[in-house]
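# Build me a model from this:
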Amino acid sequence: MCVGSYISGNGIYQKLYSAPGDRMSGVSAVAPTSGMSAILEGSHGGMLSAAGTAAAENAISSETLRAYDRALRQVTELLAGRLMEDENLSEVLSEMAADGAGRAKLGQIVAAVRFRARLAGRSDPVGPSCDAVLKAHRRATPPSRQVAAVDWDQADAAAALAASAGDLRGLRNAAIIATMSDAMLRVGEVTALKVGDIDHRRDGAATLTIRRSKTDQYGDGAALYLGIPTTLRIQTWMEAADFAGTDMTDGPLFRRILRGEHASAEPLSPRSIREIVRSAAAAVGIDGASGHSLRIGSAMSLVRAGAPLIETQQAGRWASPVMPAHYARNEMVARGAVARLRYPTA
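This is a model prediction of the structure:
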């Protein structure tokens, strides 16, 4: 038996393989190891140190790690003991496509498999057979439908409606909606926020520090602007929650609420954040919202207000302009060459 491991959102999960190499079968135990002390054995017989494994884990976000974890579990089940190589993987992808998997799902599977191979020092198992399946699938299926967007006006309405409940939960949810809209936050960034990440400005606005994000894995940090209304919503939530002592600097900003209208010391989970956004959007008539909806809507609002694509990319901290251009494509049409030059007064 050979002990192998791969990264998951909770650290490294050790797995027992039936033989050395790329065979992801014979899994008899799955348990999180303590810390990052485990060593991953690759098919080439080499060893990746704990430091190397920790560096690999920090190279991508915790949300992505959890997604890779789920993807690898699914691949393991579908491979049913076969080697993780191009031909077998292509059959798995074909089976998933036949079952209705979309482009994004198949892409996530491929990315997870490649990440695992790189981590183990192995050659890329995704080859010509997988490429052929992916190309055929792209031709046969339409692009994934974009999730519902929540723009600035809609976010303001959702936050106001949440706050109107007058209870602690409503004040917290209003602050979350406003903060995510202003700072274009990802769900994982919201759960990681600390009270001390808010720096109040003289004009009543605030600067929000994001210490690490999906596109900032080295922890350089980012400073983001929060408007006066959003800052007031955060202050109102904190005062109602009665933060005190070390909670004023080191505690999580957005927390679970216990019975009796008491804020706990525990941060909200990513699932809870997504549900808060979904429910708040539904309350103002927006169906199909997700944790990404406020980010998408803010990108659309920025472009609609006249922000160049590069500024929108910077505001949302995207690695390239591809995604903001995709999200705001309808808004960009109205500012394109035909709209500006043929109909300059429209």
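# what about residue 256, which SS state?
Of the three states, residue 256 takes strand under DSSP: H, G, I helix; E, B strand; the rest coil.
# where's it relative to residue 172, distance?
From residue 256 across to residue 172, the span is 9 Å (Cβ to Cβ, to the nearest Å). The C-beta positions use only the backbone N, C-alpha and C, and glycine is treated the same way.
# Which one of the two is surrounded by more residues?
Per other Cβ atoms under 10 Å, whichever of residue 256 and residue 172 has more neighbours is residue 172, with 27 against 16.
# what about the more buried one, distance to residue 239?
As for residue 172, its distance to residue 239 is 12 Å (criterion: Cβ to Cβ).
# and what of residue 199?
From residue 199 to residue 239 the distance is 18 Å (Cβ to Cβ).
# Could you do residue 191 as well?
Counting by Cβ to Cβ - residue 191 and residue 239 are separated by 22 Å.
# Those two: which has the busier surroundings?
Counted by other Cβ under 10 Å, residue 191 and residue 239 do not tie: residue 191 has more neighbours, with 20 against 10.
# pLDDT weak spots in this structure?
Scanning the chain for pLDDT under 70 picks out 1-62, 143-146, 213-219, 244-249, 346.
# domains in it, as residue ranges please.
Annotated domains of the chain cover 2-140, 152-333 [automatic domain parsing].
# okay, those domains in JSON lines with distance to residue 341 next?
Formatted as JSON lines, those follow (distance: least, Cβ to Cβ, whole Å):
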{"stretch": "domain 2-140", "distance to residue 341": "34"}
{"stretch": "domain 152-333", "distance to residue 341": "14"}
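# Which of those sits closest to residue 343?
Closest to residue 343 of the domains of the chain, according to Cβ to Cβ: domain 152-333, at 12.0 Å.
# one step back: could you tell me which residues touch both of residue 256 and residue 172?
In the contact map built from Cβ atoms under 8 Å, 6 or more residues apart in numbering, the residues linked to both residue 256 and residue 172 are residue 263.
# tally of neighbours for residue 158?
Neighbours around residue 158, by other Cβ under 10 Å: 28.
# which residues are in contact with stretch 291-311?
Contacts of stretch 291-311 (Cβ under 8 Å, 6+ apart): 146-155, 177, 180-182, 184-187, 270, 273-274, 277-278, 281, 286, 312, 315-316, 321, 324-325, 327-328, 330-332, 335.
# Just the buried residues of that stretch, please?
Across stretch 291-311, burial judged by 16 or more other Cβ atoms under 10 Å covers 291-304, 307, 309.
# Residue 290 is in contact with residue 277, isn't it?
Yes - assessed by Cβ atoms under 8 Å, residue 290 is found in contact with residue 277 at 7.0 Å.
# Neighbour count: those two, which is higher?
Between residue 290 and residue 277, counted using other Cβ under 10 Å, the more crowded position is residue 277 (28 against 16).
# and the more buried one, that's in a strand?
No - with three-state DSSP as the criterion, residue 277 is located in helix rather than a strand.
# separation between it and residue 287?
The spacing between residue 277 and residue 287, counted by Cβ to Cβ, is 13 Å.
# Identify the contacts common to residue 172 and residue 239.
Counting by Cβ under 8 Å, 6+ apart, residue 172 and residue 239 have no shared contacts at all.
# Mind giving me the packing neighbours of whichever strand or helix holds residue 117?
Per DSSP states H and E: residue 117 is located in helix 103-120. Counting contacts by 3 or more Cβ pairs under 8 Å, 6 or more residues apart in numbering; DSSP states H and E, helix 103-120 packs against strand 2-8, strand 40-41, helix 50-58, helix 62-79, helix 86-98, helix 128-140.
# In the next helix or strand after the last one, which residues are buried?
Going down the chain from helix 128-140, the next helix or strand is helix 152-163, by DSSP H and E. Taking 16+ other Cβ under 10 Å as the basis for neighbour counts, the residues of helix 152-163 that come out buried are 152, 154, 155, 156, 157, 158, 159, 161, 162, 163.
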